[in-house]
Each structure stands twice: as C-alpha cells, then as structure tokens.
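Peer 1: Structure of the sequence below:
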Amino acid sequence: MPRVPKVILLIESSRASGRALLRGIADYSRHHGPWSFSWEPGGLEKAQPLLETGDADGIILRDTEQAEEIVAYGLPTVVVGHRNTEIPGMVNVGTDSEGIGRLGAEHLLGCGFKHFAFCGYEKTSLENTTWSDIRREYFCQRIRAAGFENPPQYKLSMSGRDWSKDWRPLAHWLKALPKPVGVMACNDDCGQRVMEVCRLTGQTVPDLVGVVGTDNDEVVCGLTDPPMSSVAINFERAGYDAAHALNGLMRQSYTVPPRITAAAAHVVARRSTDFVAAEDLHLAKALRFIRDQARRGGVSVDAVAGFAGLSRRMLENRFRKLLGRSVLDEIRRVRTDQIAQLLVETDLPVAQIADLLGFADMRHIARYFRAGKEISPLAYRKTYGSLELGGWRSRNGDSFPQTGVVSPLTQS
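Peer 2: Sure thing, here's the model as predicted:
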C-alpha cells in the first residue's frame, strides 16, 4: 500500500473564512488524496510533537506569530495570509484586496450615495494590516474615479483595548461625516463595530449610514441590525488551490505558484445598504423601479422615466449629474449583477438563468454579461462559484488549474 501523506492544518474554524478554507482542503484530499490530517486550530503547541518526530509531510497554516518558527522545520508549507505580509520562499495565500475595495465602492455607488468613508484597522506590533490599507486604497480610487471627493478614513485598534471607551472616537468620526454616507469596512468584524456605534448614537442604518463589510460571514452579518451587506470571497476555492500547491511541493512533481489569491466574487446585498438616493425622490423612484423590474426583463429607459414622473431627458440629466452614469448604464449594471449572483449562488444552467431574467437565449445573455464583466458566464461561474454548485474543481491532479484565481499578489 502506498504511504498516505500526513498534513498538519493550523487553521482556525471560528470564522466562515477558516471553515471555507478547510472545506476546500478536504475536497482536494477526497479527489486527489487521500491525506491523513492533523488539525490543530489551537496553534503550534499541540502540533509540535508531530513536527519534532518528523512524521508530518506538509503544513497549511495561518500566518500567526509562530509562522516563522513552524517554517523553520523545513517541511513543504503553504501560508494563509492574514496578520502579516507574505513569507518569502513560501507559497502564500492572500485575498484579492484590490478587487474587494473596488467591489465595495461600486456597490455603494450603485446605491446612490454621494458621500463615502472607509473604516479599517491600524497597524500594531503584532499585526501588519496591509490588507486593510490596500482595500481602502482601491476603494478610494474607485470613488474618486466616479467624480467624488476622496473618502475620509478611520482606523480601529486591534490591540484588544476596552471597547466601552474605544467606541466614542469612532462615534465622533461617524457623526461628523456628511449624510447620508456609504461606509465600507475592511472586514465584517469592523463593519459590525461601525453598525453598533450607529445604533448607540441613533444614526439610522441605512437611511443615514449605509455599511458594507468584507468576508460575507453569514453569522456576523446576521447578528447586526439590520443585516449587513458584505463582499463575498471565495475562500473555499483558495483552500482547494492551497492543497493542490502543497501536493506539488510534497511530490515535487509540478511547478506551483508562489502566491494564490482568494478571489473577491460579488457583494451579497442585505438591508444595511438598502438605500436609494433619498435626497432626490424622482431618482429614488427610478432606482427602485430598475431594481424591482430588472429581474423580469424588458425594462426600458422610457418605462423608468414614466414611473419616476420625469421626461426621459430630465431623468438622464439627473442620473448623470448625481450618479455619473446613464439610465441604460444602471439597468445594465443591475442586470449584470443579477446574472452574476445567480451564477455564483445557484446551480441553474445558463440557459435557465437567461429564461428567468428575460433574455432571448444563451448567446444573448453571454454577450450581455461579457460586456459588463469582461468574462463569459461559464468562466465566471468556474472562477467564483462554489464547488457544490458545479464550479471550479480541477480535473487534473498533476497541473495547476489555470482559471484566473491564482495570480501574483502584492498584499496578504
């Protein structure tokens, strides 16, 4: 019998991202293993005996403060970035922080906000929050490109200080922002803090403050009131690719990339950003109508203008002045986002999605989607969809899948 590789997993499961990583790793083992796992979410102490006996063949771990000590054992290692910058000479897994920032900005822009802000984390001696800074950078870049002022930012402490005192400076910052304002948080925990302070200070969400987080942890997002919108990240795919990279390192049978990206898929919209340009009632009616009718297909600019109670010219002028895009651009954006959501969150065939959304046929929906996302529907599903819904599993265990998810990173 061939020897079964022993793999140590130092990945916590307290958050949805960790559980998704573990699901992806387990799935790879089922189809290209088997592997024997030693899972120690508590850290190095419990895994150290196995490391010292030399029985382990490889490791996948979070980049805790003990990461360099573990790497020193010289075993094939894949490091999942979170706290620090990537470790040279290792395969590093990071998030698409550039895409995350852009998606958060585009979501808030699509809601009709004209004022924007970003809440992230400050760097500490234990945590290098480069990922938070990069998300802010690309969020701000996209907001500026839309013609708005550079969004202000606030940085929360990650040092574990007394939150009963730390919330007051955040409250002061939020109160000073022009309203209504769309706020992007660097992750869901940060977004939950923002929404908690809004509740404590009577700043209604989403009427005064719209909030979008990152990671789409359904537990965290569901605990806020109202439920929080969030950027979904394909951690399960990243776990699968991390396992594939580790397999290549252990077998020395194929080349693996130095970096793996957990791709930003889409924004899961919840009530924390259910806002539509309330300052202009006609525009609000138009945006509501587009969102309600786009799924049924056939929504036209004339129909939107009629519902909003304006001439087509007047409505176009308001869209371009207040949102920086045309009515038709908004219809296409909403329709394309609806296609993307169905591709990622369901296993419906593309032909059925086309019929559901009122497209003539598969070719029509494919052209429409590619014009908005610069990728075909099937390629989008393969890149961002989950495994259970017929997404991305590589059928070739001896080469690295070329799907666009694995790419060079400049951040952790």
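Peer 1: which residues of the stretch 101-250 of the chain score low on pLDDT?
Peer 2: Counting by pLDDT under 70, the stretch 101-250 of the chain contains low-confidence ranges at 124-128, 159-162.
Peer 1: Now with 90, please.
Peer 2: Of all residues in the stretch 101-250 of the chain, those with pLDDT under 90 make up the ranges 110-112, 114, 122-131, 157-166, 207.
Peer 1: Torsion angles phi and psi at residue 260?
Peer 2: phi -120, psi 130 (degrees, to the nearest 10).
Peer 1: I'd say residue 187 and residue 213 touch.
Peer 2: Yes. Assessed by Cβ atoms under 8 Å, residue 187 is found in contact with residue 213 at 6.3 Å. All C-beta spots, glycine's among them, are computed from the backbone N, C-alpha and C.
Peer 1: Could you check which of those two is surrounded by more residues?
Peer 2: residue 213 (32 against 26; other Cβ atoms under 10 Å).
Peer 1: from the chain's centre, how far out does the longest helix belonging to the chain sit?
Peer 2: Longest helix of the chain, by residue count under DSSP state H: helix 327-345. Between the centre of helix 327-345 and the centre of its chain there are 17 Å (Cα atoms, centre = their mean, to the nearest Å).
Peer 1: and if you look at stretch 271-280?
Peer 2: Centroid separation for stretch 271-280 versus its chain: 22 Å, with Cα atoms, centre = their mean.
Peer 1: buried residues in that stretch?
Peer 2: Within stretch 271-280, the residues scored as buried using 16 or more other Cβ atoms under 10 Å are 272, 273, 274, 275, 276, 277, 280.
Peer 1: just stretch 338-356 next, same as before
Peer 2: Neighbour counts over stretch 338-356 (16+ other Cβ under 10 Å) mark 338-345, 348, 350, 353-356 as buried.
Peer 1: And for stretch 209-218?
Peer 2: For stretch 209-218, the neighbour count (16+ other Cβ under 10 Å) marks 209, 210, 211, 212, 213, 214, 215, 216, 217 as buried.
Peer 1: what's the closest non-adjacent residue to the last one?
Peer 2: Looking back up the chat, that one is residue 217. Spatially, and ignoring its direct neighbours in sequence, residue 217 is nearest to residue 16 (4.1 Å; Cβ to Cβ, 6 or more residues apart in numbering).
Peer 1: and what of the fifth one?
Peer 2: Taking Cβ to Cβ, 6+ apart as the measure, residue 213 lies nearest to residue 191, with 3.1 Å between them; neighbours along the chain are not counted.
Peer 1: Give the other helices and strands that the next helix or strand after the longest helix of the chain contacts.
Peer 2: Moving toward the C-terminus from helix 327-345, the next helix or strand (DSSP states H and E) is helix 350-356. If contacts are counted by 3 or more Cβ pairs under 8 Å, 6 or more residues apart in numbering; DSSP states H and E, helix 350-356 sits against helix 327-345, helix 362-373, helix 377-384.
Peer 1: and the residue nearest to residue 217, what does it touch?
Peer 2: Contacts for residue 16 (Cβ atoms under 8 Å, 6 or more residues apart in numbering) come out as 215, 216, 217, 218, 219, 220, 235.
Peer 1: any idea which helix or strand carries residue 211?
Peer 2: For residue 211, the host element (DSSP H and E) is strand 209-214.
Peer 1: okay, the following helix or strand past that strand in PDB with CA atoms only?
Peer 2: On the C-terminal side of strand 209-214, the nearest following helix or strand under DSSP H and E is helix 218-223. Provided in PDB are the C-alpha atoms of helix 218-223 (Å, rounded to 0.1, in the frame of the first residue of the first chain):
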ATOM      1  CA  GLU A 218     -23.200  35.000   7.500                       C
ATOM      2  CA  VAL A 219     -23.200  34.700  11.300                       C
ATOM      3  CA  VAL A 220     -21.600  38.100  11.800                       C
ATOM      4  CA  CYS A 221     -23.600  39.800   9.100                       C
ATOM      5  CA  GLY A 222     -26.800  38.300  10.500                       C
ATOM      6  CA  LEU A 223     -26.100  39.500  14.000                       C
END
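Peer 1: Regarding residue 50, what is its secondary structure?
Peer 2: Residue 50 falls in the helix class when you classify it by DSSP: H, G, I helix; E, B strand; the rest coil.
Peer 1: Spatially, which residue comes closest to residue 362, not counting chain neighbours?
Peer 2: Spatially, and ignoring its direct neighbours in sequence, residue 362 is nearest to residue 351 (5.0 Å; Cβ to Cβ, 6+ apart).
Peer 1: Was I right to think that neighbour contacts residue 361?
Peer 2: Yes. Between residue 351 and residue 361 there is a contact under Cβ under 8 Å: 7.5 Å.
Peer 1: From the buried residues of stretch 338-356, which shows the smallest pLDDT?
Peer 2: Ranked by pLDDT, the buried residues of stretch 338-356 bottom out at residue 345, which has 81.
Peer 1: the strands in the stretch 151-300 of the chain, which residues?
Peer 2: Per DSSP state E, counting those that start in this stretch, the stretch 151-300 of the chain carries strands over the ranges 153-156, 181-185, 209-214, 229-233, 259-262, 264-268.
Peer 1: got a list of what residue 227 touches?
Peer 2: By Cβ under 8 Å, 6+ apart, the neighbours of residue 227 are 221, 270, 271, 272.
Peer 1: Tabulate these (a markdown table), appending distance to residue 322.
Peer 2: Shown next, in a markdown table, are those (distance: Cβ to Cβ, whole Å):
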| residue | distance to residue 322 |
| --- | --- |
| 221 | 29 |
| 270 | 24 |
| 271 | 23 |
| 272 | 22 |
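Peer 1: of all these, which two lie farthest apart?
Peer 2: For the contacts of residue 227, the maximum inter-member distance is 10.3 Å, found between 221 and 271 (Cβ to Cβ).
Peer 1: Identify the contacts common to those two.
Peer 2: Residues touching both residue 221 and residue 271 by Cβ under 8 Å, 6+ apart: 227, 229.
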